[in-house]
Structures are given as structure tokens and as C-alpha cells.
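*Asks:* Pasting the sequence and the predicted model now:
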Amino acid sequence: MLQELLPAQVFLIMLVFTRVGSAMLLLPGFGEPYVPPRVRLGLALMISLIVAPVLGNALPAMPESAAGLLVLISGEILIGVFFGTIARLFISALTTAGMVIAYMSTMANALTNDPSAAQQGSIAGSFLVVVAVLMIFTLNLHHAMLAAVIDSYQLFVPGQVPPVADFADMLSRVVAKTFLLSFQIAAPFIAMGLIFFLGLGLLGRLMPQMQVFFVAMPLQIAAGLAVLALVLPAVIRWFLGAFQESLLPFVAL
């Protein structure tokens, strides 16, 4: 009955669309809340139309039952979400680093709308996320993201049971790596903050009558902005290197 209701070519396209569309829900730049859903849907459908004929031999035949079709689609969605989550975790590292930077620069209470998270976040984190997404598309790293999703058909064959245990192990290692990455990005600001607070402590002991924090807060904000301007190129380069390194194992070279 499924063969009568769903032609073979349409089935192949929609099967590819399931994995590609699930990944594009979370991929940086494609899955942002400010991207209209129709644009994401159109991009995923166009990519599926292009890729499906190339992957014709790698795709399984149409299941004979609705239960088999449901299991097949569930596996494809899981694989797509897995790739999108890996890329999204690196963006969350910038948000974490931005909050640490905001604490070290006394700007933690100055919240702004984070376009990627669709909620309020630190100014530094929102700025880093916007710059990182811009550089991903400027340097064509979005091609590597899409290539990783398409080449995943060689690693995770449709119709086979996805390696859920390996997915969980990979995600746990990526979470640890992105958490370390966030503190590596914020390291210059942590060092600046520790030195600045040490100086304030000494100044407060030498001049108890001086309102140290009232005088020092503008200086700390200015110092934080100056350090951000100095280290921004190195920070973005370090992030892009780690982001590209996470995609290379899935890209067929």
C-alpha cells in the first residue's frame, strides 16, 4: 500500500530531507530563530533534491509497513539532530565565554537580546556569536557543515540502527571540549580581572576612605572593551579552528 501511495522517487527525496532538515534546524546560521522557517524549509528541500539522485544506491528501499517507515524516519531524524547538536554546542561555548567576559568586565547585568538563543544574554556573548556566525559563512565553513551531513550517509547507512551509545559518547566529549573552549576564549579576561581585583584590594587597603568600586567600575569596563578589541581576531580564529576540527572526521576527504 505504501508503494501505491508514495512513489519511489518522492520517498527517496523525503528520506534525505528528513536527515538534512533535522540537521538544519540546529546548524549555526541555518537554524537561527531569526531565519524564517520557510527559508530553512526551502533550503533543506533544495539540498535534498540535489543530493537524493547522487545517493540513490545508498538509500534503502521503501518499507512495506508503516511501522518500518516510522522506524526508518526516526533513525534519520536522530542522525540529523546529532550533527546539528554538535555544531550548536560550539555556538553555546561562545555564549558561556561571553558571560564569563561580562562578569570580569562588570557588564553581567547589562543584558541584551541574543538573536541565536532567542532570549536575553550578555552583550559580549551576543557579539561573539554574531561575529562567529558571520565568519563561518565568510570562510565557507557552512559548506563543511553541509558536507558532513551529506557524507554521513557513508558512516551511518539509512535503515541500520544508529549507534546511540557512540552518539552519547561523542556528545559528552564535545560538551567537555566546548566547555574548555569557552574558558580558553575567556582566559585573557579572567587574567585581566584577577590582576585588576588584586590592584583594587591593595588600593583599598592603602586608601580606606576611597570609594574603590565606584571609581574602578568605569575603568574595568574600559579595560574589558580594550582587551576584547585586542584579542578578538585570535579568539575567533581559535574558535573557527576548533569548529572546523570537529567537522573533519565526518567529511569524506
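*Replies:* Now that the structure is in, tell me what you want to look at.

*Asks:* hmm, who's touching stretch 241-253?
*Replies:* Identification of contacts with stretch 241-253 by Cβ atoms under 8 Å, 6 or more residues apart in numbering yields 83, 86-87, 90, 132, 136, 141, 144-145, 147-148, 151-152, 154-155, 174, 177, 181. For every residue, glycine as well, the C-beta is placed using N, CA and C.

*Asks:* That should have said stretch 162-177, apologies.
*Replies:* Applying Cβ under 8 Å, 6+ apart, the contact partners of stretch 162-177 are 75, 78-79, 82, 85-86, 89-90, 156, 242, 246.

*Asks:* any chance of those in CSV, plus neighbour count, distance to G121 and pLDDT?
*Replies:* Listed next are the contacts of stretch 162-177 as CSV, based on neighbours: other Cβ atoms under 10 Å; distance: Cβ to Cβ, whole Å; pLDDT from 0 to 100:
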residue, neighbour count, distance to G121, pLDDT
G75, 20, 34, 87
L78, 15, 29, 91
I79, 23, 30, 90
F82, 24, 25, 91
T85, 19, 19, 91
I86, 24, 21, 90
L89, 18, 16, 90
F90, 23, 16, 90
F156, 20, 33, 84
A242, 17, 21, 89
S246, 21, 23, 85
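
*Asks:* Out of those, the closest to P233 would be?
*Replies:* When those are ranked by distance to P233 (Cβ to Cβ), A242 comes first, at 15.3 Å.

*Asks:* Helix, strand, or coil at T112?
*Replies:* Of the three states, T112 takes strand under DSSP: H, G, I helix; E, B strand; the rest coil.
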